[in-house]
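Participant: Compute the structure for the input listed below.
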Amino acid sequence: MRTRVEDVMTRQVISVDFDTPFKDVAETLIQHGISAVPVVDADGRVAGVISEADLLRKEEFRELFYREGYRPPLRVRRRHRDAERKATGDTAYELMSAPAVSISREATVVAAARLMDEHDLKRLVVRDDDGCLVGIVSRRDLLRTFVRDDEEIAKDVREDVFERALWNDPSQVTVTVDHGIVTLNGRMDRRSSAAIAARMTQRVNGVVDVVDNLIWDEDDTPVWDGR
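Facilitator: Residues are numbered from 1 along each chain as shown. Here you go, the predicted structure:
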């Protein structure tokens, strides 16, 4: 029930190789209206990423350290070594940020969202098992999982959760969905099964929230005896 990255990613990806000149990288970003581009090696494996910020390092570094012919002391240049490398770079290999933050095509969109949040990124490079570039996934792509028809969501909950996973009589439970919010009404045999049903419903693609109104015949919750 979890959507994978390959289900929502953009497959037609613009990339550059190690030898692509600075100017061509800049033109690629402008012509295609993108803010970053993957850098791949001769075998198509992802080596790094070049963003608009990486390219702007050249002008930024020049303004900070080389105005009026001034060259900073060695200790200052060491502190800004990565910035200087990008500022003085002429090819994609010299300009890129590496290694690229990437994700497997088999990963879930939840994992992708967490990785974006962890690194404060708007998009991720998607790779296959060999590390080759296969796509790009953006925050907008991840939002597609929530833009599903309510009836489609309800159908998945009835069939995947109650009928297939829990083997529950569908006539005993009513599933309604409004703007992605699922409401569960009805009766189940055990309290533990009702709890599992609510958790599994939360994992269905497109579910925004779950209102659990399920009741049960047997409370099989373990009782702590204090020992």
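
Participant: quick one: which helix or strand includes the residue nearest in space to the middle of the chain?
Facilitator: Among the residues of the chain, the one closest to the centroid is A112, at 2.5 Å (C-alpha atoms, centre = their mean). Using DSSP states H and E, A112 sits in helix 109-119.

Participant: And for that helix, what's in contact with it?
Facilitator: Residues outside helix 109-119 that contact it (C-beta atoms under 8 Å, 6 or more residues apart in numbering): 2-5, 7-8, 101, 103, 121-124, 137, 139, 142, 145. Every C-beta, even on glycine, is put in place using the N, C-alpha and C of the backbone.

Participant: For the chain, just list every one of the strands.
Facilitator: Ranges of strands in the chain, per DSSP state E, are 16-17, 36-40, 46-51, 102-104, 123-127, 133-138, 173-178, 181-190, 209-218.

Participant: Adding mean neighbour count, write those out as JSON lines.
Facilitator: Shown next, in JSON lines, are the strands of the chain (neighbours: other C-beta atoms under 10 Å):
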{"stretch": "strand 16-17", "mean neighbour count": "18"}
{"stretch": "strand 36-40", "mean neighbour count": "23"}
{"stretch": "strand 46-51", "mean neighbour count": "23"}
{"stretch": "strand 102-104", "mean neighbour count": "19"}
{"stretch": "strand 123-127", "mean neighbour count": "25"}
{"stretch": "strand 133-138", "mean neighbour count": "21"}
{"stretch": "strand 173-178", "mean neighbour count": "17"}
{"stretch": "strand 181-190", "mean neighbour count": "17"}
{"stretch": "strand 209-218", "mean neighbour count": "14"}
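
Participant: what about this protein, any weak spots by pLDDT?
Facilitator: Low-confidence segments of the chain, defined by pLDDT under 70, span residues 1-2, 60-87, 223-227.

Participant: Now do the same contact list for the residue lying closest to V126 once chain neighbours are set aside.
Facilitator: Spatial nearest neighbour of V126, excluding adjacent residues (C-beta to C-beta, 6 or more residues apart in numbering): G135 at 4.0 Å. G135 sits next to 5-6, 9-11, 13, 105, 126 when contact means C-beta under 8 Å, 6+ apart.

Participant: hmm, back to that, rebuild the strands of the chain as CSV, extending it with distance to K58.
Facilitator: Output for the strands of the chain, formatted as CSV (distance: least, C-beta to C-beta, whole Å):
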stretch, distance to K58
strand 16-17, 16
strand 36-40, 16
strand 46-51, 12
strand 102-104, 25
strand 123-127, 23
strand 133-138, 25
strand 173-178, 52
strand 181-190, 49
strand 209-218, 47
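
Participant: Show the contacting residues for H32.
Facilitator: For H32, the contact set (C-beta under 8 Å, 6+ apart) comprises I14.
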